[in-house]
Structure formats: structure tokens, C-alpha cells
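**Student:** sequence and predicted structure below; questions after.
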Amino acid sequence: MSDTLQKSSDIDLDKRPENGRATAIKSRLTSWDSIILVLTVLVLIVASFSVENFGTSRNFTFMVLDLLPIILIALPMTMIIVTGEIDLSVASTLGLTSSMMGWLWNQGLSIETIIPLCVVIGAICGVVNGFLITGLGLPSLAVTIGTLALYRGLAFVVLGDGAVADFPWNYTGWVTGTIGGGAVPNVLILIVVLALIFGIVQHATPFGRSLYAIGANAQAAHFSGIRVARTKFWLYVVSGAVAGLVGVLWTLRYSSARADNGSGLELAVVAAVLLGGVSIFGGKGSLPGVLAGVVLLTALQNALRLEDVSGQALNIVTGSLLVLSVLLPNITTAVRGNYHRRRLRQAASR
Amino acid sequence: MARLEVHDVSKSFGAVAAVQGVSFPLYPGEAHALVGENGAGKSTIVKMLAGVHRPDTGTLRVDGADVDFAGPADAKAAGIAVIYQEPTLFPDLSVAENIAMGNQPLTKLRQIDRKEMHANAERLFRRLGVPLDPTRPARGLSIADQQLVEIAKALSSEARVLIMDEPTAALSAVEVERLFAVVRSLRDEGAAIMFISHRFEEITALCERVTIMRDGKHVATEMVADLSVDDMIRRMVGRDLSALFPKQDVEPGAVVLEVEGLSREGVFKDISFSVRAGEIVALAGLVGAGRSEVMQAVFGVDPYDSGVVKVHGRRLKKGEPRAAMAAGMALVPEDRRQQGLVMDLSIERNVTLPRARKLARLGLLFGGSERAAAETWTRKLQTKLGRLSDAVGTLSGGNQQKVVLAKWLATGPKLLIVDEPTRGIDVGTKAEVHRLMSSLAADGLAVVMVSSELPEVLGMADRIVVLREGRVAAQLTRAEATEESVMYAAMGQEVAA
Amino acid sequence: GGTTKDSNTNSGSGTQASAAADPNAAVKEGLKIAFLPKQLNNPYSDVETGGGKVAVDELKGEYKLVGPNDASASSQVSYINTLIQQQQDVIVVAANDPNAVCPSLNQARAAKIKVITFDSDASKDCRDAFINQATTEGIGQSLAKMALEQAGSDGGEIAVLSATPNATNQNSWIEVMKTELKKPEYAKLKLVKVAYGNDDDQKSFQEAQGLLQSYPNLKVIVAPTTVGIAAGARYISSSSYKGKVAVTGLGLPNQMREYVKDGTVTKFALWNPADIGYLAAFAGAAMASGQITGAEGEKFKAGKLGEYTIGKDGEIVLGPPTEFTKDNIDQFNF
Amino acid sequence: MTTLSLHAPAKNLLKTRELGIVLALALLIAYTAIDNPRFLSGQSIRDNLLNTAILAVMATGQAVVVITRNIDLSVGSVLGISAFTVATMMSANPGLPMIVALLAGLAVGAVAGLVNGVLVRFGKVPALVVTLGTLYIYRGITYSWAGGSQVNADELPRHFLTFANDNLLGIPWLVLIALIVVGTGSLMMRNYRVGRELYAMGSSPAAAELAGIKVARNLLGAFVLSGALAGLAGVLYAARFGTVDAAAGNGMELNVVAAVVVGGVAVFGGSGSVWGAALGALLLTVIGSALAVLDINQFWQQAIVGALIILAICADRLVAVRIARSLRKRDAHV
Ligand SMILES: Nc1ncnc2c1ncn2[C@@H]1O[C@H](COP(=O)(O)OP(=O)(O)OP(=O)(O)O)[C@@H](O)[C@H]1O
Ligand SMILES: Nc1ncnc2c1ncn2[C@@H]1O[C@H](COP(=O)(O)OP(=O)(O)OP(=O)(O)O)[C@@H](O)[C@H]1O
Ligand SMILES: [Mg+2]
Ligand SMILES: [Mg+2]
């Protein structure tokens, strides 16, 4: 409710409806995701100039590698959160696929078979989530807390305490390498391609439209002929598949298949998505905002680490950023609303 | 002295000036009507009196003293009870708790006295003649039942001022009469009543005075007895209107919809009827008779246990709204807030939601095509709005209803199901909607109309299917249908021969 | 077709052309030596890196301590990358995963940074030397010996309360211990279970509980991890099993003092962790100065600890562990 | 349509949301006890209750917050900061009585909760965002303050440590406190106006504002309560485990949320009960210890915990569906 009120006071006083386009642009510029976008660019610029070694191409590669898992998992996660659900099991799915990858490798399968197989395994994890949530109608937060434990547990069942490390160099090297040894990391292509696909699907297709409708009012979406359950189901499958893919990339990047790979990553992803302006209640948010959120977090952490800021302080920075990113726009709207009311009263008393 | 006074009050939302310099008093012992077109600012006045909105300028006075409500709690403390246009219940709590919230009876240990609370609720329901179980949760109540609980809630607080924003919109004649009896007795005990409705017969039946608003401005406050209905409408709309638009006679075409033996356990049983092209078939019945449920099952948003739905002779897959839509069906649901609209999305997105797939080119959607489609239909329905990109939740109730109509008419249906299509719509637009339905029928559209408003049913329908307690009680042709015959069938008495 | 485990020939390790060592080279001053423990704010590794700081000060170098809050390989990699960017001279690292840190460590070595591992080794082709707290055999044997002492001459059931199921160190010690138990002198000891407390205090505590419920005749809990032994001892000391079940293993004297004094624990062992960090810093400095390259047989001086010789595979063994009892525990403060 | 409701207690019991979880718990205990009767021994029951106590205290606060359609993810970090504060305080002033420790913990937690509440209500930031943020912030503060230092059992006063094990009439203090917290919480939520208002706020936030409920006051109250109880849990944690470092309670928020959710509190607010949440805490704890007792392979344990959580949610759902169906039957006209 407060959101509706907020939005209405976003509208500028002097603009008449026919100036719609101008106001629309203006309200876009002050929207949360654009603020994050601007902030991200700002941080990148300031850090390049003031932090030693930040702007180097090698550091760029490191940064891209650091944000790779978060950004990829955030793509489907954004959609899921937009529909008002959540998937906390992604990091465990990642761990399970990593384990499976190690186990299959030890069984003598070829890596070219293993990689697609792992994506399928991730997708199967998603199928289980999707079935429990849409088939049985259980709350997603509860279900994915359960599968968070389940998938991680299965990862340990598969690989136990071992680690598998002897993956082929041309694959592990590709993940950490750059295009032609230059400044552009190989995995950046993957990120760009996937981000484009997800961005277009979310923002410019009927399917994407339906996600917002589902998140804001699932019943009305159902009455509009949108297959709510089916849509959510597939989102979980995609989320699982992407987590599986990230499991593969993670394993190759660290040349180490382990059951505990990526543990705790789910909170980082959720934090990044929220930072990017997606409403946890569903129905609101944009992918560019989320991408900016991930980059902002990673860049800031990277810069602060180079400046020898301790890990603990990084925690505080991350946390504050998360709160402030939502708090500040709210405060500005409130202040603007007050100003608006004062002006009206003055106008009336004149 | 006026119990409550609105003095030169204004309120705007961004660019929309919803209320501009309105003043009128509300005296104890009087029932005061507030009328105006959709979006005239009635609900905004109510919300200011309730402490939800703060007036931008102007003052509210209680017993002659200026007040400044910081929130609904203050208004409540001042003895103002409000029934909002949209029900505001707590779905997880029991009906009795909903009614008692905030002033539950307490035991000596300051614990809630549940027994007493339930007894109170039962007492209220008896007074209103409502057969509701106070211990059941509010979730799943029909719109009408919700409205009744709202009424009970307002009555329970023994307020000095009772404000009712379209409390009867979802009710049928029987409940309305019972409500009026209770309200009259309150008025006679000295409460001040403010009543908002788009039905003029209700206003003349209940109210002594009326305040008319147009475009956020005060037009007049007069004795109801001094004004004819036509006078009221003229001042409200600014021109003459015929309140109801009778349906043109059309030669019915081929059968479009056939429903055979449709049953759903505990909800409806063995429902059969058919609709032809060019025909308007009305589903009548008392509130809770199961009319909405039947049509939702037909459209596929609800499941059913047995029976067949055929469109153009082809059997429809059950539980699949998309299949129904593909067959040319459209359903304008009764609850626009929960079922009809996505309040947070813009008007244009809402209008194009069921058609997004058709508007897409190469699977991609471009803003322009959506906007154009939305523009056409909102204009046809004379929707009062700021920008198409505004959230639909910012529109007035009636204009929201128009957006729902636009959304479904834009799909170009062959079979249109409308559930309470004119609920909360003002007279002018109502005539417009009726004319539209009639002309669409003339072009060969088959229409099923669920309505609790008998005049509407009688005026518009070629045939009337009367439901009672989930079964078909009677099928009446236009010639057979009179107010009495429909009511008798709905209530389970034999039609007087 | 495709690349399988068998067809795979890994040639990616960054083997450095080892320059010849110059045993007489002077130790450089102002070396930048960075410590990267498994995890920050772990009391054990704090003592280790504390020793490192003392050594770096003696060497007149620049000491730096960085590390993640969680003991995961991935966050360690981020820190290694940062250290590369900052062009440190030596990275002293306790690997959370022997392989996961490898690519980064090799990048560091390619950038002319010397990599010394301590506490927990990385794969041997991605570091220059490893400071081993004690030989694996030594620790395993000592664990078995203490278990027998505690169980008494009649022997009985013993159980192990370890760290995580994939902790490299613990697993190799437990392996040695198992081999040892097969010997005739240990015939009366029966190892009934290896439980894992994940180096989490609460989990270890619960695991200790579970052990006693499942094995009522248990005589000894052997915990080869400081977290496990403390949690196990705490549970026993506050339960009805006190005095009936003995706890032993590897622990920090400060954490264990309470339980040694109240009789729950009579004996446990550990090397001096501060010496590990101290030795690592000296080894790193010697290497960065060109005194040694990491080849077997090379010698270098490590301040107060005296002279050390590099063993096979670049291993440098600190020395035998110390055993702590009621009589000597007050002499130690770490 | 019947207007009268049936008040037969047996019928009501069959309809409570918590039935599913009670059944799950009973099955689990029966199965484990058949396998190993010691699971029902006094010591074992005591251990289970002691372990549940801390989680149940936190689950009570969490349940109240979740019922208002919010969430408090910062509880693990609040536990940490409170445990460390109190442990430091007690080791510096061993003379302080236990009640001071309890009050200090409550106060620290209440302040943390107040910050959450103010940000949620007045900053209009969704609770999940706020508390995810303060989860990092409070933990960061504890880390920055504590560094690697640790308060060990031997630094804490005796009466503080024995508090966890002392009894009143045979019931350990810890369990007694948990019982009081859960009992009071349940009573408040069920029978007092403020409790019903909290349900109303969660059921429909917009309607709650319109109904004139003091939403701000109640919301702050809920967050302060959750914070204070997490703070209290911190004291209990310090007393029970004796060793406190900056990582105390790390990751606990997921357990607490799991307990609440498993206990049948709807994540979208408005329904569920405090005692259900406490049952959820008990179930999770018993699962943990039953797996240890059943001697299930370590590697399978976590997977089984996950599967059991899902089963419990399914059971809860089944009961909810049955209630809904009986409701529809009652309303049926056909
Ligand atoms: N929260 C809001 N934000 C923006 N505009 C609003 C808001 N509430 C109302 N309005 C606008 O104020 C005007 C008056 O609306 P109001 O709801 O008072 O009309 P109404 O007279 O009650 O109409 P109806 O008969 O349709 O209920 C409308 O133009 C509406 O769009
Ligand atoms: N989701 C639901 N769950 C349980 N009961 C319901 C649900 N929806 C409706 N009902 C009940 O089913 C009965 C039939 O409701 P329905 O809305 O179909 O009646 P109606 O004839 O359309 O009347 P109106 O629309 O005027 O309320 C009502 O008693 C209502 O309380
Ligand atoms: Mg209105
Ligand atoms: Mg209806």
C-alpha cells in the first residue's frame, strides 16, 4: 500500500498529464535501479583512480571471475523473486553438481558428457523444488530451506570427504583465462550472452510480463489466463539448471570438485538481487538493476580488499549498502512529499 | 450543531486534484447521501474523514471543534466508523475476531473473552439476518459476505458517525433492506450517517439529504425530497441521461455456449444452460447462490467435478482458462481487486495482460503496441485516468471496473461472461456499459451476465437463469420475468401463477 | 571420444625453472610477507600467525595478515588474487583446499611471489615449501598411544571426534592411527566410530553427546582437532559421564586448562603453533632472498628455532608435538 | 449452513495446525527409541531439551515477527554479539550475579531489534532486506570488536557456567527459561489484544492500518522482542557452551527460520503459533540427535535432515488442507 502512495507522490506537481513522457523519464531516473546503476559506475570510476592496482586488466579478470557465480544465479533468481517466490537451494544445487561432476569424472566419463549431464542434474534439483512448490502448493521459502539441506547433504553422500582435482587443463584454463590472452575474460562472453537472453525474456516478452503479474497478484494473473503454477515450475527448473552450470564453472575455476563448494552463496545472491531493486514481495524490479547490484558489491569488495580493509569491515559495508540502497530513495521521496505538501499549504494561504 | 463538518477541504494526488474546496455538514440523526460520478472524489472524502488521508488544505470539525487526524486510530477514537468501498478484512482471523478487532471483550485478567466475542458477533449477524458462522476464517468469504462482515464491524463499534462507501454494491435487495432497517434504527438513536451509492432508489429510500459532487467539486447539498432522481443525475453528470438502456432485440444465432450437468461438490450441482450468439443470458439469484462459482468453473479458473462445457459444440478442457480464451471466451470477474486487476501494474499492462502473446512480434513485445491497444479501449469506455503508465491502483473504484472491462473487451471475445459488470459504476457509465453490451450482442456476441441488480437483469437479459443454493431454480424468458417471479425463484417459493 | 580422466594429461601446473640456490645470500630487509590462514579469528591460527608476526619483525620485513571469515577455498582465492595485485614478496598460506587454491598460487608464483604453505598443504606443484607441524606418522602414532594410556590396560571402545569429513590433515592422521591400532599392543582397543563435528563448537558438542548415547561403553574420545577436543571435554565435564569417559587428542592449552584441572582430561598433545608461523616466515624470507629454492637437502637458519633442512617434496618438519598434562600446562600460554 | 461451531476439544485437537508436526515428532522418537532405547534415557532427554532450549527461545521471537508478515534474519548475529558482550562482561567482573548477565543480554538484543524495527517501519525497508543487512552488520561489529579473541570456559565465573546445568525442581534452568518464554509468548499471541493485533497486521497490513491498530508500536515491539530473545539466547549459549568467539551463532538464522516454518507458521504472516514454532525447534533438534544416535553415516545426515524438514512441511500442509476441507463441508449448501 505504501508503495502505491509513494508512487503517486513521485509525480511532479507542475507537470500536467500531457507531459507524460517527460515525467516518466524523470521518475525512471530517480527509480531505485537507476540509482544503483549510477552508483555502480561512480564506484568503478572512483576506484580506478584512487585504488592502486584496481584498474589493471588482471584485476578486471579477477573481478569478473568473482562475480561469475553470483551474477549467473541471480539471473533466474530475479525472475523467481519477481513472481514472489524464492529459491534458497541454489548454492546447494551448485554443490551437488560439483560433487556429481567429480564422481562422474572418476567414473571415467568424458568431460564433454559430464558438463551437459551436470546441467541436467541441476535442472532435476529444480524439478523437485518446482514440484514441491507448485505441485503440492508448499511455501517456497520453507521448501528451499529443506532442499538447501537435502542437496548439500546429497553432495556429501556422493563425494564424501574427498575432492576431485584432475580436471583437464584446457577446460580449467578456459574458465580462468582471457580471450586470446588479452584483457577480456572468456567467461565474460558467457555472462553477456546469458544476461542478454534473460534480460530480453524478462523485459520484452509476454512471458516476462506474466512474471510481474504473477508476483503482484497471482489470482488476477490466473484469471487472465496465465498458467501461474506452470510458469513458476519452469522458473525453478531453469534456476536449477543455471545453478548446475555454475557448479560446473565453479569446479573448473577452482579445479576442485567438492561437496562444500559454494556454501552460503544463496544469501549473497539474494542480497545482490535485493540490492538491485527487486521487491522481495514480488511484482517489482529490473534485471539491469540486479546486474548493477552484483557489480557494485563485487567492485566495492575488491577495491576495499586492495585497500587492506578487513573481511569483517567488508561485512559491515555490504550490510549497510543493502539497507541504505532501499532507505535512501525512501527518505528522498518522503522529504519531497513533505515539501510538496508545504507548498500546497502556502499556495492555499496566499 | 453539526456532528461532523467538512470545511473547504482539498486533496490532490500528484497531478490529480481529487477533491477541491468541498464543504458540507453532517447532523446527528440524519442520513446524508454523497453522490457523484466515478472519480468524483467521494471515497477520497471518506478517507479523509477516516484519517487515512490528511487534507492538503481545509479542516475537518467534530462537534464544532477543528480536528487533525494523524491516522485511522484518531478518527475511530472520535467515534467515526467507516465501511470502506473495498472490504478490508483479515483473511486469517475468524469472522468474529474481524468484527471485534480493537475492542474485544476482555476477562478480568485482560485476556480476550472469546465466548463473549462470538456471542456478540452472532447477535450482530442475527440483527442483519446473515447466516454466517462467527468462528470461520474470513478467507474464502464471497465479496458479499465480506461486505456484510464489514457492516457488522462498523455497527459493532456503536459509533456516533457511520460512514458507508458503497456498502450495497455487492448486495442483493434482501440484504440491502435488512441493512437499511439497522441503519435507520441507528439514525433514530442519534447517529449521523453518511451513505454513498450509485443506486438512486436506495438514496431516496434511506436518506434525507444529499450532497452532489462533480469532478472533485461540491455542486449542491439539498433535501432529497426536493429533488427528483433526474435532477440529481443532471447535476451530477451535467447533462440528461436515461438511467437504464434496454437491450435491443436481436435474432439469436447459433448456440455458442453449452453447459451440461456441471457439478462441484459443496458449491453447485447439475447446472445446465446454453447461450446463443446475440443473446444476453442473465444469471440471477441471492448472494452466495453460486453464480460466480459456476461461471468461474465454466471459464476454467476453478475446477469442477463433473459435467461438460462446450463452446461452439467443442468440448472445453477443464481448469484451463487459456483454453477458454482460445475458444473466444472472456470473463470479467466480480472482485476486481483480487481477480480482475494487478493493482501495482500500470493501466496499459493490465489492459494488455490477456493479449500480450497476440501483441508480441517475433515473441517480443514493444511498448508502443501495448499502449495503442490500451488507449483505444480505455477511451471507448470513457475511463478517467491520468497516464496509461500509472498504476491501476490509483484509479477510483468505478474507473478500475472500466479497466477490467477494457481488458477483456480488447481480446475481441465471442462469448463474454460478466460478473457484476456495473458494480460501483456510476449511472452515466452504467448506461454506457449497457449500450455497449447491447451493441456487442447485436454484432453476434453471446453474453452471460451475473448480476445482483434486478433492474439491470430485467432490462438487459433475453433469458434469465435463476440459481438457488447451487442449483438451477428456474429458467425464465424475458416475457416471463418480472421482479416477483425472479425473486420467488431465487428464494425458493413457487412462482405465483 | 572426449576428454576423460584417463586420457587427460595435465600440463598446466606452473613449474618454475628453479634458479640455483645461493646459501650465502644475505636475507633481504623490507620483504613483504603476507599470511593467509584458513580463516581469520580462529584462535589456533591467530597463535600461528602471531608467531609469524614476531618472525617478520625480527626480519625487518612488512607483515600483513589477511583472510576470509569462513574457511572456504573460494574466498581464499579472492585474497590470493588481491595479494598478487599488491605484489607481495612471500605468501604464507594454509590451504583450505589443496587444489582449489592452486591456479591462483601458480599465478602468484608466476608473478615472482614465493609461496609457503603451513598448517594444511596445497598440492605440491603449486607451492615452494610446506611447513609441516609434525610428521603425519608422528601425530597418528601419538594419538593411538594416548588413547591406549587413557583406556588403561583393559582397553575398550574408543571413538574419534574429528573436524570436517574432508579435512586433509585430520584424515591422514586418522589413517595412520587406524594402521597403528592393528598392531598387537593395541589389540584391546576397539575404534567404534569416527564422528565429525565440522570444527563447529555446537555440532562437535552434539556429536559428543551422540557418541555416548550410541556407545554406552565408550572409554575414550580422541579428538584430533582443537575445536572438537574442547567441545568434547566440555560436554563430558558437565555430564554424568565425567570420570568414566576420557577425552584426549590435539588441543590448545588455554582452552583445555579448565578441563585438565577438573580432571576430565589428563593428557593431550600439540606442537607450538606460534613456532609454525615463525618458521614459515623465515623459510619464506630465505627463499625470497635466494638462500634456498625448496629443493631437498637445502639448509637455512630460522632465528631462535635454529637450523632446518628441507626434506622430500619441499617439506620442512617443525618437530615432535608437546604433550600437556596437569603438571606442565601452566607453563604454556597459547 | 450451520451457524453453531462445534467446541468438542477432541475435534479441535484434530484440527490444530500443529498436529502434523506432533505426529512427525512422535514417529521419529518412536523409531529411534526402538532402535536404541537409551534415546529415552534421562540424560538423553535432558540433552535434547537443553539443546532445544536456545533454539526455542529464538523461535518464539521469530514466530512473532513472521506472524506480522516480516522476518528477522539477524538473530544469529544478535546472538553472537550478545553472547560475546555478556561473556566479556562476566569474565571481567566475575562477581556479577546471573540475573545481571541475563538482563544485559536482553538489553543488547533489544537494542539490535529496535534498530531493525525502526528501519522496517520508519525507513519503509522490507524486513528481509533490513535484517539481511543487519545480519552482516551485527556480525561485522562482533568480528571487529572480538577479532580472534575468545572467551574460554576457564575465564568465566563458576556460577555462570553451572547455570546451564543447575536445576530447579529437577528442571534445568535453561529449559525452564525456554518454557517460560514459549508459554508467555503463546499466551500473549493467543489471548491478548496485542497478540491478535499482530496476527491482524500479518494477515492484511493495509487493513490493519485502516482498523486503527497501532501498527508502528506493535511492529517495533515484535522486532524488539525477537532481538531481546535472541540476546537472551546469547546468554544461554555462553553459559551452556562456555567458549565464545565472534562466530557464535553463525548461520543460526536459517535454523531458527526453519524451526518456525516447520512449526507451521505461515511465511506470509497471519497464521501459525508460537508453540508450533517451539515444536518445530524441538523437532529439528531431535532430528539432529536421533541421526547421531541411529549411527547413520555422517555423509547421509544432512541429506536426511533436509528430507525430514520437507516431510514435516508436507505433513503440515496435509493438516491444513484437511482443515480447509472440513470448513468447506460445513459451508456446503448442496
Ligand atoms: N491513492 C491515490 N493516488 C492517486 N490518485 C488517486 C488516489 N486515490 C484516488 N485518486 C484519484 O482521485 C480521484 C477521486 O477518486 P475517488 O476514489 O475519491 O472517487 P470516487 O468518487 O470514490 O469514485 P467511485 O464512484 O468510482 O468510487 C480519481 O481521479 C482517482 O484516480
Ligand atoms: N474460495 C472460497 N472458499 C470457500 N468458500 C467460498 C469461496 N468462494 C466462495 N465461497 C462460498 O461459496 C458460496 C457461493 O459464492 P458465489 O460467490 O459463487 O455466490 P454468488 O451467487 O456469485 O453471489 P455473489 O457473487 O453475489 O456473492 C458463498 O457462500 C461463498 O461464501
Ligand atoms: Mg469510491
Ligand atoms: Mg458473485
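**Tutor:** Ah, there it is. Ligands and ions are numbered 1, 2, ... in the order given.
**Student:** can you pull the poorly scored residue ranges out of the chain?
**Tutor:** As the question left the chain open, I've gone with chain A. For chain A, the stretches flagged by pLDDT under 70 are A:1-31, A:341, A:344-345, A:347-350.
**Student:** actually chain B
**Tutor:** The low-confidence ranges in chain B, as defined by pLDDT under 70, are B:239-245, B:367, B:493-497.
**Student:** show me where the stretch 201-350 of chain A has its strands.
**Tutor:** Remark: no strands are assigned in the stretch 201-350 of chain A by DSSP state E, counting those that start in this stretch.
**Student:** what does it put close to chain C?
**Tutor:** Contact residues, the stretch 201-350 of chain A versus chain C (C-beta under 8 Å from any C-beta of the partner chain): A:250, A:253-256, A:258-264, A:302, A:305-306, A:308, A:310-312, A:315. (C-beta placed from N, C-alpha, C; glycine too.)
**Student:** quick one: buried ones out of those?
**Tutor:** Buried members of those, counted by 16 or more other C-beta atoms under 10 Å in any protein chain shown: A:250, A:253-256, A:258-263, A:302, A:305-306, A:310-312, A:315.
**Student:** can I assume B:Val332 is in contact with B:Pro421?
**Tutor:** Yes. Counting by C-beta atoms under 8 Å, B:Pro421 is a contact partner of B:Val332 at 5.8 Å.
**Student:** mind listing the shared neighbours of these two?
**Tutor:** B:Leu405 (C-beta atoms under 8 Å, 6 or more residues apart in numbering or on different chains).
**Student:** I figured A:Asn261 hits A:Gly247, correct?
**Tutor:** Yes. With contact defined as C-beta under 8 Å, A:Asn261 reaches A:Gly247; the gap is 7.1 Å.
**Student:** which neighbours do those two have in common?
**Tutor:** Common neighbours of A:Asn261 and A:Gly247, counting by C-beta under 8 Å, 6+ apart, are A:Leu94, A:Gly95, A:Ser98.
**Student:** distance check, the second one against A:Glu266.
**Tutor:** The gap separating A:Gly95 from A:Glu266 is 11 Å, by C-beta to C-beta, to the nearest Å.
**Student:** neighbour count: these two, which is higher?
**Tutor:** A:Gly95 (32 against 25; other C-beta atoms under 10 Å in any protein chain shown).
**Student:** can you report phi and psi for that one?
**Tutor:** Main-chain torsions, A:Gly95, degrees, to the nearest 10: phi -60, psi -40.
**Student:** residues contacting it?
**Tutor:** A:Tyr151, A:Arg152, A:Ala155, A:Gly247, A:Arg258, A:Ala259, A:Asp260, A:Asn261, A:Gly262, A:Ser263.
**Student:** wait, which of the residues you listed is closest to chain D?
**Tutor:** A:Arg152 (5.8 Å; C-beta to the nearest C-beta).
**Student:** close enough to count as contact, the closest one and A:Ala259?
**Tutor:** Yes. Assessed by C-beta under 8 Å, A:Arg152 is found in contact with A:Ala259 at 7.3 Å.
**Student:** sec struct for B:Val52, please.
**Tutor:** coil (DSSP: H, G, I helix; E, B strand; the rest coil).
**Student:** residues contacting stretch D:87-102, please?
**Tutor:** Contact with stretch D:87-102 is made by D:86, D:104, D:151, D:155-157, D:159-160, D:163, D:232, D:235, D:238-239, D:244, as judged by C-beta under 8 Å, 6+ apart.
**Student:** can we see that at 6 Å?
**Tutor:** Applying C-beta atoms under 6 Å, 6 or more residues apart in numbering or on different chains, the external contacts of stretch D:87-102 come out as D:Val86, D:Val151, D:Glu155, D:Leu156, D:Pro157, D:Phe160, D:Phe163, D:Val235, D:Ala238, D:Val244.
**Student:** just the ones of the residues you listed in strands?
**Tutor:** Counting by DSSP state E, those place D:Val151, D:Val244 in strands.
**Student:** using a markdown table, please lay out the contacts of stretch D:87-102 together with neighbour count.
**Tutor:** Formatted as a markdown table, the entries for the contacts of stretch D:87-102 read as follows, by neighbours: other C-beta atoms under 10 Å in any protein chain shown:
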| residue | neighbour count |
| --- | --- |
| D:Val86 | 32 |
| D:Val151 | 23 |
| D:Glu155 | 19 |
| D:Leu156 | 22 |
| D:Pro157 | 17 |
| D:Phe160 | 22 |
| D:Phe163 | 21 |
| D:Val235 | 30 |
| D:Ala238 | 31 |
| D:Val244 | 31 |
